[in-house]
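K.L.:
only geometry, no sequence info:
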């Protein structure tokens, strides 16, 4: 990933915060010159044995998981909010339009779990728990009882031991504070939820600097 110094994360923990927040990501793989495959997959990131790992799952009916080989790296792309930035919002000139965005790339080798591995259900439980934590009345997979256990064999669950993680948090850090204030004000007034979220991220970064 090309990441100018202005837009690098302040720490690896900041990248994992993006992964936790935007957990529905794109897993991409390519095998032996075949066309790349891409599938949207929910992920949870956990530490296991002192190493960072991602845990994901997709429908076993999806042929994508058959491409996974422990000797080949795959790429997982976590995309946060993104929005157009107009030069009319800056305090100085000349300037040109750009785009602000948040994205994290994770590389690692996948390992499929056997259908009868109890960790398949654990992956589903962890995924539900993380997503449900954002709701007013969190639901637990255990509430589905036998129904969830009956569906589990139809899931292809896998883990990825993270080889490297990199990201770009492009939030107008290369502009003076007055320009950033103008961008924040314009984005905060937008009807776009992505624009408003970028404004919040910009505010938080400015407050921390």
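P.N.:
Here it is on my side, so go on. Note that the structure is predicted; figures quoted are calculated from it, not measured.
K.L.:
which SS class is the residue most central in space within the chain?
P.N.:
Centrality entry for the chain: nearest residue to the mean C-alpha point is residue 78, 2.6 Å, by CA atoms, centre = their mean. Following DSSP: H, G, I helix; E, B strand; the rest coil, we place residue 78 in the strand state.
K.L.:
what does the one 5 residues further on give?
P.N.:
Remark: residue 83 carries the secondary structure label strand [criterion: three-state DSSP].
K.L.:
how many neighbours does the spatially closest residue to residue 29 that is not a sequence neighbour have?
P.N.:
What sits nearest to residue 29 in space, not counting adjacent residues and going by CB to CB, 6 or more residues apart in numbering, is residue 74, at 4.3 Å. Every residue, glycine included, has its C-beta placed from N, CA and C. Counted with other CB atoms under 10 Å, residues neighbouring residue 74 total 23.
K.L.:
How about the contacts made by residue 177?
P.N.:
If a contact means CB atoms under 8 Å, 6 or more residues apart in numbering, then residue 177 has residue 206 as its contacts.
K.L.:
Go ahead and confirm residue 23 touches residue 129.
P.N.:
No - using CB atoms under 8 Å, residue 23 makes no contact with residue 129, being 11.3 Å away.
K.L.:
Same drill for the two, tell me which one is more crowded.
P.N.:
Neighbours per residue, other CB under 10 Å: of residue 23 and residue 129, the larger number sits with residue 23, 18 against 14.
K.L.:
if you go through the chain in chain order, where are the helices?
P.N.:
In the chain, the helices defined using DSSP state H lie at 12-21, 119-132, 146-151, 177-188, 193-208.
K.L.:
Please convert those to a markdown table, extending it with mean pLDDT and distance to residue 33.
P.N.:
Converted to a markdown table, these look like this (pLDDT from 0 to 100; distance: least, CB to CB, whole Å):
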| stretch | mean pLDDT | distance to residue 33 |
| --- | --- | --- |
| helix 12-21 | 96 | 30 |
| helix 119-132 | 97 | 31 |
| helix 146-151 | 94 | 35 |
| helix 177-188 | 98 | 43 |
| helix 193-208 | 95 | 36 |
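K.L.:
out of those helices, which comes closest to residue 65?
P.N.:
For residue 65, the closest of the helices of the chain is helix 119-132, at 12.3 Å, according to CB to CB.
K.L.:
picking that back up, what separation is there between the residue nearest to the centre of the chain and residue 131?
P.N.:
14 Å (CB to CB, to the nearest Å).
K.L.:
now swap in residue 25 and tell me
P.N.:
Residue 25 is 13 Å from residue 131, by CB to CB.
K.L.:
which neighbours do the two share?
P.N.:
By CB under 8 Å, 6+ apart, residue 25 and residue 131 have these common neighbours: residue 42.
K.L.:
Tell me who's in contact with the closest residue to residue 61 other than its chain neighbours.
P.N.:
With sequence-adjacent residues excluded and distances taken as CB to CB, 6+ apart, residue 61 is closest to residue 154, at 7.2 Å. Going by CB under 8 Å, 6+ apart, residue 154 touches 59-61.
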